[in-house]
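Asks: Pasted the sequence and its predicted model underneath.
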Amino acid sequence: MWPYWLMYLALAVPAMSSRRPIRDTALLKWAFIGILLAVFVGFRHEVGGDWGSYLRLFHFSDYFSFSEVILESDPGYKLLNWWVEKQGFEIYTVNLVCAAIFTIGLIAFARRQPYPWLALSVAFPYLVLVLGMGYTRQGVALGFIFLSLNALEFHQFKRYLTYIALATLFHKTALIMIPLGLFIWGKGWAFRAIAVIVAAYVLFDALVAESTEELWSNYVDAQMFSQGAQIRILMNLVPSLILLAYWKTWRTAFPNYWFWFWIAAGSVLAVALVGFASTAVDRIALYFIPIQIVVFARLPFLVRERISPGTVTAGIVLGYALVLYVWLNYATHARYWIPYKNMLFL
């Protein structure tokens, strides 16, 4: 499991050395870490709990025509598989493209935070390692969502909806993020409300409507249970409570408070609902994970008058190192990640 620790240290060491908020414009450095993460995630070999399922889906894509593929569930991912297979490449190409989208979104979002390396350190133990390497489709969706969050910060409402639509093409559950576009700061609330309703209706009708009954049956009626769902949801709860506790400072220093307020509220609500529909709530709560990044990457600034930023940063880095250690050693499905194998070194 040492490759995972090396990757974490590559992010944590620069985070520990950052004592004040920065806007790091060294594109070459960010490009290097982006390529490193994309290769680490994209060229994995037989790593991840759903490796076999994704491999079978890739090989079955050869039996479909283009017109059939675009009518499939999650057509963006299915179309990518179909095109790559038709070109004679392997699943590693699919994974690399997905990892690139995920990484570009993550790094673009992290660079907008006061402590960008701390943001990446927070993201690695679960978001990168488990979600990016285990839930490929939702990883791509989250990559587009990160880009949408940057668009939100610049009040680019149309771009926000475009990225969410792209995310929905890879995993239909990303549709849940569309209504949050209402809470972008600025004028034009009525226009945004109409656009959100129209976009939500169109995407729901095109991508979700036919599978609604199946989704409800599988995730709610069947009482599917996700091991570790409670822990993952609690990981979102902690930063959500921090945001709510420091709401006055947050509203003064950072934009779009109400957007993050509703993400925090959703994370709190997930705690109450996880016992009712564990897997459904767990899947939706995956899109709330950015609140861990945005809160903890701003926490050294929020509490700077009480605790030194260096102390807060060290505490967060060590806390997520503990998360990484516990997951690698005690998680039920960690065996699918160990040992780490990369096709470049087979």
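Replies: Okay, I see it.

Asks: Who are the packing partners of the helix or strand harbouring V295?
Replies: Using DSSP states H and E, V295 maps to helix 290-296. Packing contacts for helix 290-296, counted by 3 or more Cβ pairs under 8 Å, 6 or more residues apart in numbering; DSSP states H and E, involve helix 91-110, helix 116-123, helix 136-153, helix 229-245, helix 257-273. For the C-beta atoms, the positions are set from N, CA and C on the backbone; glycine is no exception.

Asks: Which one, of those helices, ends up nearest to L71?
Replies: helix 136-153 (16.9 Å; Cβ to Cβ).

Asks: picking that back up, how about the helices and strands packed on helix 290-296 in JSON lines, adding distance to D74?
Replies: Formatted as JSON lines, the helices and strands packed on helix 290-296 follow (distance: least, Cβ to Cβ, whole Å):
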{"stretch": "helix 91-110", "distance to D74": "12"}
{"stretch": "helix 116-123", "distance to D74": "23"}
{"stretch": "helix 136-153", "distance to D74": "6"}
{"stretch": "helix 229-245", "distance to D74": "22"}
{"stretch": "helix 257-273", "distance to D74": "22"}
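
Asks: Reformat the ones you listed as JSON lines; add distance to G48, mean pLDDT and mean neighbour count.
Replies: Below are the helices and strands packed on helix 290-296 laid out as JSON lines (distance: least, Cβ to Cβ, whole Å; pLDDT from 0 to 100; neighbours: other Cβ atoms under 10 Å):
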{"stretch": "helix 91-110", "distance to G48": "9", "mean pLDDT": "97", "mean neighbour count": "22"}
{"stretch": "helix 116-123", "distance to G48": "17", "mean pLDDT": "96", "mean neighbour count": "27"}
{"stretch": "helix 136-153", "distance to G48": "8", "mean pLDDT": "93", "mean neighbour count": "24"}
{"stretch": "helix 229-245", "distance to G48": "16", "mean pLDDT": "90", "mean neighbour count": "19"}
{"stretch": "helix 257-273", "distance to G48": "24", "mean pLDDT": "89", "mean neighbour count": "18"}
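
Asks: closest to G76 out of the ones you listed?
Replies: Using Cβ to Cβ, the helices and strands packed on helix 290-296 put helix 136-153 closest to G76, at 7.4 Å.

Asks: Using CSV, write down the CA coordinates of that closest one.
Replies: C-alpha atoms of helix 136-153 as CSV (Å, rounded to 0.1, in the frame of the first residue of the first chain):
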residue,chain,number,x,y,z
THR,A,136,-15.5,5.7,-12.3
ARG,A,137,-18.7,7.2,-13.7
GLN,A,138,-19.4,9.2,-10.6
GLY,A,139,-15.8,10.3,-10.6
VAL,A,140,-16.3,11.9,-14.0
ALA,A,141,-19.5,13.4,-12.9
LEU,A,142,-17.8,14.9,-9.9
GLY,A,143,-15.0,16.3,-12.1
PHE,A,144,-17.6,18.2,-14.1
ILE,A,145,-19.3,19.3,-10.8
PHE,A,146,-15.9,20.8,-9.6
LEU,A,147,-15.8,22.8,-12.8
SER,A,148,-19.4,23.9,-12.3
LEU,A,149,-18.5,25.1,-8.8
ASN,A,150,-15.7,27.3,-10.3
ALA,A,151,-18.2,28.7,-12.8
LEU,A,152,-20.5,29.4,-9.8
GLU,A,153,-17.8,31.4,-8.1
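
Asks: Next up, the contacts around A99.
Replies: 37-39, 41-42, 132, 139 (Cβ atoms under 8 Å, 6 or more residues apart in numbering).

Asks: any idea how far it is from L36?
Replies: Distance of A99 to L36, given as Cβ to Cβ, to the nearest Å: 11 Å.

Asks: now swap in Y246 and tell me
Replies: Per Cβ to Cβ, Y246 is found 33 Å from L36.

Asks: And the contacts of the helix holding V295?
Replies: Contact with helix 290-296 is made by 109-110, 113, 118-119, 122-123, 127, 142, 145-146, 149, 235-236, 239-240, 242-243, 260, 263-264, 267, 316, as judged by Cβ under 8 Å, 6+ apart.

Asks: contacts for the very next helix or strand once past that helix?
Replies: Later in the chain than helix 290-296, the nearest helix or strand by DSSP H and E is helix 299-302. If you take Cβ under 8 Å, 6+ apart as the criterion, helix 299-302 is touched by 21, 114-115, 118, 242, 246, 249-250, 253, 309-310, 312-313, 316.
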